[in-house]
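Asks: Sequence and predicted structure are below.
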Amino acid sequence: MEESGKKLDQEMDKEMVKEKDKEKGERPEESQAKLPEDKQEITEELRNLPLPRTRWEDVVFSFPQPIIEFGKGVVKNVPKAIFRLLDPRLMHIKKAEIERPEILIIIGHESVKKMGALDKILKSCEQNSIETVIFSCGKGEATVTMVNEAVEMALEEKVHFIVGIGGGSVMDVAKATAGIVTNGGLAEDYHEGKPFELPGLPFIAIPTTAGTGTEITNNAVLIDKTRGYKKSIRGSHLMSKYILLDPELTLDCPPDITASSGADALVQAIESYVSKKSHPLADIYALEAIFLIAPNLRTVFEHGDDYAARSEMLLGSFFAGIAFSNVGLGLVHGLAHPIGYKYDVPHGKVCGALLPCVIEYNLEYRADKYARIGRIFSQLNLFTKYEAEASDEKNTQRLASMIKEMFSQIHIPLKLRDLGVLKEDFDWIIENTKGSSVNSNPRTPDPESLRELLEKAW
């Protein structure tokens with residue numbers, strides 16, 4: 001099996017090089033979705049801004065990351081990932097215990113089959129003597145029921161690996177399944193606080209949308225319809241072991257989902273950058289995510305086949321995921337979870353409607369960092385109402401309005417009432433706005449100020 005793994009590595013690496021050389025020779029120059037000014041010049045301008053104030057005595061962080069592959073066609077590298085993970089230095093299963101690897105592939109709805117990605121995985125696995133079993137979550141957000149059913153299948157089939165290919169909900173089901181298979185119990189037990197004490201089955205993540213960043217996080221957001229709430233289960237053992245980022249898989253993402261997931265990614269980047277727990281290493285990823293997402297969001301919405309823009313969006317989403325998985329999010333996500341659960345509306349749309357008001361709510365508590373984001377936005381030349389050479393103070397104050405204009409261009413609702421939110425539910429929303437995202441917000445909220453915020457966003 002070791003020789004097979006090495007040979008597969010070499011063959012796939014050669015194939016990737018050939019494909020890249022072929023693209024360079026045959027493909028016309030594509031739109032790179034670049035900023036109107038050279039990115040390096042803008043970076044120089046940003047360097048001249050006063051750095052955000054850091055309380056260094058409070059800075060303590062670690063930064064664990066999985067193996068990551070990015071590029072056109074890397075979805076075919078699932079066997080390569082499996083053979084690499086069979087290295088005893090990387091996982092708890094010894095090679096001698098596995099004669100023929102078996103994987104559970106978790107998918108969402110039929111789009112993964114239609115785009116051909118699933119066929120590529122199945123074919124490459126068959127060619128490398130890897131057994132496959134498929135579990136379909138169907139449509140909708142991840143639930144404890146989906147996870148429990150996937151765990152049951154994984155145990156029955158005695159699989160060695162979990163592969164998740166799809167959007168954020170698929171990733172959440174897959175990583176929760178990987179953790180529960182080895183730790184035992186039901187998904188509901190982990191909602192109640194049961195810890196993940198043992199390593200999960202090795203989980204390989206393959207996202208097909210650019211938005212959630214959940215392929216890189218250590219938590220899974222699950223809905224429990226019986227008990228009536230939406231909550232994360234988390235633990236270091238839920239982290240993916242291998243991530244395949246293939247921009248081709250996002251080309252067929254519909255405009256509505258592209259907009260919603262893209263808005264979510266931008267919110268994640270901004271919230272992690274201003275997080276109470278932010279630190280310099282996470283800030284690098286958060287800022288780069290903003291640079292990549294903001295100028296490409298409208299492009300991928302209007303021209304979904306733009307490979308360059310899709311690539312930058314996928315990387316931007318991934319970078320945002322790295323940032324917030326290390327420092328947390330903020331009040332946008334704290335409010336979005338109960339609203340999304342109660343009204344069954346797309347998470348990214350709720351986040352988009354809330355972000356401008358939350359920025360205004362937090363502004364004086366993180367003015368230095370919002371100033372830096374405002375400067376980035378002012379240089380994008382995407383907005384009709386604002387001059388690029390405005391002062392930092394002016395750009396900071398206008399940041400919420402610039403984001404509103406950006407979201408209106410991709411048809412993200414700007415008011416909660418447009419999502420069906422009712423004022424009479426404000427008490428319930430406020431009561432259920434809690435958790436790690438709220439604790440990471442720059443400004444500590446109270447019920448009265450939350451009500452004012454919701455009124456403004458309504």
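Replies: Happy to help now that I have it.
Asks: What separation do you get for the closest residue to residue 159 other than its chain neighbours and residue 135?
Replies: Excluding the flanking residues, the one nearest residue 159 by Cβ to Cβ, 6 or more residues apart in numbering is residue 104, at 4.4 Å. (C-beta placed from N, C-alpha, C; glycine too.) As judged by Cβ to Cβ, to the nearest Å, residue 104 and residue 135 stand 6 Å apart.
Asks: go on, residue 256?
Replies: Residue 256 is 26 Å from residue 135, by Cβ to Cβ.
Asks: neighbour count winner among those two?
Replies: Shown here are residue 256 and residue 135; by other Cβ atoms under 10 Å, residue 135 has more neighbours (23 against 15).
Asks: Report the beta-bridge partners for that one.
Replies: Using DSSP bridges, the bridge partners assigned to residue 135 are residue 106.
Asks: you'd agree it is up against residue 153?
Replies: Yes. Between residue 135 and residue 153 a contact is recorded at 5.3 Å, counting by Cβ atoms under 8 Å.
Asks: can you list residues touching both of the two?
Replies: Taking Cβ atoms under 8 Å, 6 or more residues apart in numbering as the criterion, residue 135 and residue 153 both touch residue 104.
Asks: Low-confidence regions, the stretch 301-450 of the chain specifically.
Replies: Scanning the stretch 301-450 of the chain for pLDDT under 70 picks out the ranges 381-395.
Asks: can you check the stretch 1-150 of the chain too?
Replies: 1-64, 87-98, 110-111, 113-114.
Asks: Helices of the stretch 301-450 of the chain, start to end?
Replies: 307-327, 331-343, 347-362, 367-378, 392-409, 426-431, 436-440, 447-457 (DSSP state H, counting those that start in this stretch).
Asks: Equivalent analysis for the stretch 151-300 of the chain, please.
Replies: According to DSSP H, counting those that start in this stretch, the helices that the stretch 151-300 of the chain contains are 168-183, 187-191, 255-274, 280-293, 297-302.
Asks: Which neighbouring elements make contact with the fourth one?
Replies: Taking 3 or more Cβ pairs under 8 Å, 6 or more residues apart in numbering; DSSP states H and E as contact, the helices and strands that helix 280-293 lies on are helix 255-274, helix 307-327, helix 367-378.
Asks: Please put the alpha-carbon coordinates of the shortest one into PDB.
Replies: What follows is helix 367-378 as a C-alpha-only set of coordinates in PDB (Å, rounded to 0.1, in the frame of the first residue of the first chain):
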ATOM      1  CA  ALA A 367     -12.700  52.500  15.600                       C
ATOM      2  CA  ASP A 368      -9.000  51.800  14.800                       C
ATOM      3  CA  LYS A 369      -9.700  48.500  13.000                       C
ATOM      4  CA  TYR A 370     -12.900  49.700  11.300                       C
ATOM      5  CA  ALA A 371     -10.800  52.600  10.000                       C
ATOM      6  CA  ARG A 372      -8.500  50.100   8.300                       C
ATOM      7  CA  ILE A 373     -11.400  48.200   6.700                       C
ATOM      8  CA  GLY A 374     -12.900  51.600   5.600                       C
ATOM      9  CA  ARG A 375      -9.700  52.400   3.900                       C
ATOM     10  CA  ILE A 376      -9.700  49.100   2.000                       C
ATOM     11  CA  PHE A 377     -13.300  49.700   0.900                       C
ATOM     12  CA  SER A 378     -12.600  53.300  -0.200                       C
END
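Asks: Thanks a lot, see you next time.
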